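Q: predicted model, plus sequence, below.
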Amino acid sequence: MSTQTTDLRIGMVGYAFMGAAHSQAWRTVNRVFDLPLRARMTAVAGRDPGKVAAAAAQLGWQEHTTDWRSLIARDDIDLIDVCTPGDSHAEIAIAALAAGKHVLCEKPLANTIDEARAMATAAVRAEAGGVRSMCGFNYRRVPAVALMRQLIADGRVGEIRHVRAVYLQDWITDPQFPLVWRLQKDKAGSGALGDIGAHIIDLTQYVTGQRIAGVSALTETFVKQRPLTAGGSGDVTVDDAALFVARLDGGAVATYEATRFATGRKNGLRVEINGSLGSVVFDFERMNELEFYDAALPSDEQGFSRILVTEPDHPYIAAWWPPGHLIGYEHSFTHQARDLLEAIGTGVSPTPSFTDALQVQLVLDAVERSAALGSWAEVEPALT
Ligand code: SOE
């Protein structure tokens, strides 16, 4: 690894939606949080020379290049931030780790189990030399989600019986919507399943502390051909929707639904947990709130209460605004950057690790196997 200063010099690969979200986080994080490392936006890489130059100027990167390998070869870059489509995650992340660079990689970790395993193995090997890696499941860093996890860990919902998770979008309901990369298996790995299903798989495993042990699934592709931007049409090679029931290894049963065809639902991520002592509900469209039902209260006081997660003693909140002044989507990425800088600066392994992300990938794989065979599919534990 290059000489470590209090600066953490970042090279980001990719600059679209996720690249912009990560850039916003890197720009903001040290202005809000007191951290052992200072993020430096050293250089961004992308394939198109004109677009990457424009992105660098707009997003705040000092330099730009069309060659991501040149970022990894530089001594003045400490961390590679992978914000590309899934088909290049493994190649970039493994090369970066081998060169001693810390890595932040967008979700889902990879397009296949084999790639994800290779990435997790490379990460474990690099970790022995103090090189850190993390997968970007940003919703973990929403304060209400962190609070949900705390309440569950503190035993406030008791023994978990039900997990109910949906992630609903509608951006491709129009059959004339073009065949973008997210609809092509060779580039995206899978469709709604890996793109948004991965979030609810990770979130529910994270907040419950239980692993999905087996699934029974179905997937559907409603629109099988779409226009190409260059003219003509092409095959959609991923799922539009994925639904499954699951057993968790701590005894809970669960249902999951991920779809891009929930007309009217733009980014509807909702998780409900029912336990022996209570329930908690998170809904991203009301992301500053957590619903909590405490069955330990006297019966005449029972009912779902709304916790407004804006108090200074709530996770991450003290650094922001006075109580009641809400935060938004981008804050989850700033909190992710905060946690990563804190972990690297204090010599701790950040989470979710590549092994945690491999565990999500194993569930994605089981869902596809189950849907293809029409039968139950076990999910093996990720190797550590
Ligand atoms: C897909 O539309 C997408 O942008 C995902 O890729 C993100 O992970 C999710 O946060 C929002 O939706």
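A: Yep, it's here. Residues are numbered from 1 along each chain as shown.
Q: show me the shaky parts of this protein.
A: Within the chain, the ranges that satisfy pLDDT under 70 run 1-5, 383-384.
Q: contact residues of it facing the ligand?
A: For the chain, the contact set with the ligand under CB under 6 Å from any ligand atom comprises Phe17, Gln169, Asp195, Ile196, Asn267. Glycine gets a C-beta too; all of them are placed from N, C-alpha and C.
Q: filter these down to the buried ones.
A: Buried members of the residues of the chain next to the ligand, counted by 16 or more other CB atoms under 10 Å: Gln169, Asp195, Ile196.
Q: show me what residue of the stretch 101-250 of the chain gets nearest to the ligand.
A: The nearest approach of the stretch 101-250 of the chain to the ligand comes at Asp195, 4.7 Å away (CB to the nearest ligand atom).
Q: for the closest residue to that residue other than its chain neighbours, helix, strand, or coil?
A: Distance criterion CB to CB, 6 or more residues apart in numbering; nearest residue to Asp195, sequence neighbours excluded, is Arg182 at 6.3 Å. Following DSSP: H, G, I helix; E, B strand; the rest coil, Arg182 is assigned to helix.
Q: isn't Arg182 right next to Gly191, touching?
A: Yes - with contacts counted by CB atoms under 8 Å, Arg182 reaches Gly191, the gap being 7.2 Å.
Q: tell me who's in contact with the residue nearest to Asp195.
A: Neighbouring residues of Arg182 by CB atoms under 8 Å, 6 or more residues apart in numbering: Pro85, Ala188, Gly191, Asp195, Val238.
Q: overlap of the contact sets of Arg182 and Gly191?
A: Val238.
Q: rewinding a little: as JSON lines, the residues of the chain next to the ligand with secondary structure would be great.
A: What follows is the residues of the chain next to the ligand, written out as JSON lines (three-state DSSP):
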{"residue": "Phe17", "secondary structure": "helix"}
{"residue": "Gln169", "secondary structure": "coil"}
{"residue": "Asp195", "secondary structure": "helix"}
{"residue": "Ile196", "secondary structure": "helix"}
{"residue": "Asn267", "secondary structure": "coil"}
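Q: just those residues now: which is nearest Asp78?
A: Checking the residues of the chain next to the ligand against Asp78 with CB to CB, the nearest one is Phe17 at 24.5 Å.
Q: spit out the contact partners of that closest one.
A: Contacts of Phe17 (CB under 8 Å, 6+ apart): none.
Q: any idea how far it is from Met134?
A: Separation of Phe17 from Met134 (CB to CB, to the nearest Å): 19 Å.
Q: the residue of the stretch 101-250 of the chain closest to the ligand reaches Ala188, doesn't it?
A: Yes - here Asp195 reaches Ala188: they are 6.8 Å apart, a contact under CB under 8 Å.
Q: ok and the residue in the stretch 1-150 of the chain nearest the ligand?
A: For the stretch 1-150 of the chain, CB to the nearest ligand atom, closest residue to the ligand: Phe17, 5.6 Å.
Q: neighbouring contacts of stretch 251-259?
A: Residues outside stretch 251-259 that contact it (CB under 8 Å, 6+ apart) are 159-169, 192-193, 195-197, 200-201, 204, 208, 210, 212, 240-248.
Q: could you list the buried residues of that stretch?
A: Buried, per 16+ other CB under 10 Å, within stretch 251-259: Ala252, Ala254, Tyr256, Glu257, Ala258, Thr259.
Q: would you reformat these as JSON lines and include secondary structure?
A: Converted to JSON lines, the buried residues of stretch 251-259 look like this (three-state DSSP):
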{"residue": "Ala252", "secondary structure": "coil"}
{"residue": "Ala254", "secondary structure": "strand"}
{"residue": "Tyr256", "secondary structure": "strand"}
{"residue": "Glu257", "secondary structure": "strand"}
{"residue": "Ala258", "secondary structure": "strand"}
{"residue": "Thr259", "secondary structure": "strand"}
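Q: and the closest residue to Leu59 other than its chain neighbours, what does it touch?
A: Nearest residue to Leu59, sequence neighbours excluded (CB to CB, 6+ apart): Ser23, at 3.8 Å. Contact analysis of Ser23 by CB under 8 Å, 6+ apart lists Met12, Tyr15, Met41, Val44, Leu59, Gly60, Trp61.
Q: and for Asp81?
A: Here Asp81 is in contact with Ile10, Gly11, Met12, Val13, His22, Trp26, Val103, Leu104 (CB under 8 Å, 6+ apart).
Q: give me the number of residues near the closest residue to it other than its chain neighbours?
A: The spatial neighbour of Asp81 that comes closest, neighbours along the chain excluded (CB to CB, 6+ apart), is Met12 at 4.2 Å. Neighbour count for Met12, taken as other CB atoms under 10 Å: 31.
Q: after the helix or strand harbouring Met12, which helix or strand is next?
A: Counting by DSSP states H and E, the element that carries Met12 is strand 7-13. Next along the chain after strand 7-13, taking DSSP H and E as the criterion, comes helix 17-32.
Q: that next one: which residues count as buried?
A: Going by neighbour count (16+ other CB under 10 Å), the buried part of helix 17-32 is 18-30.
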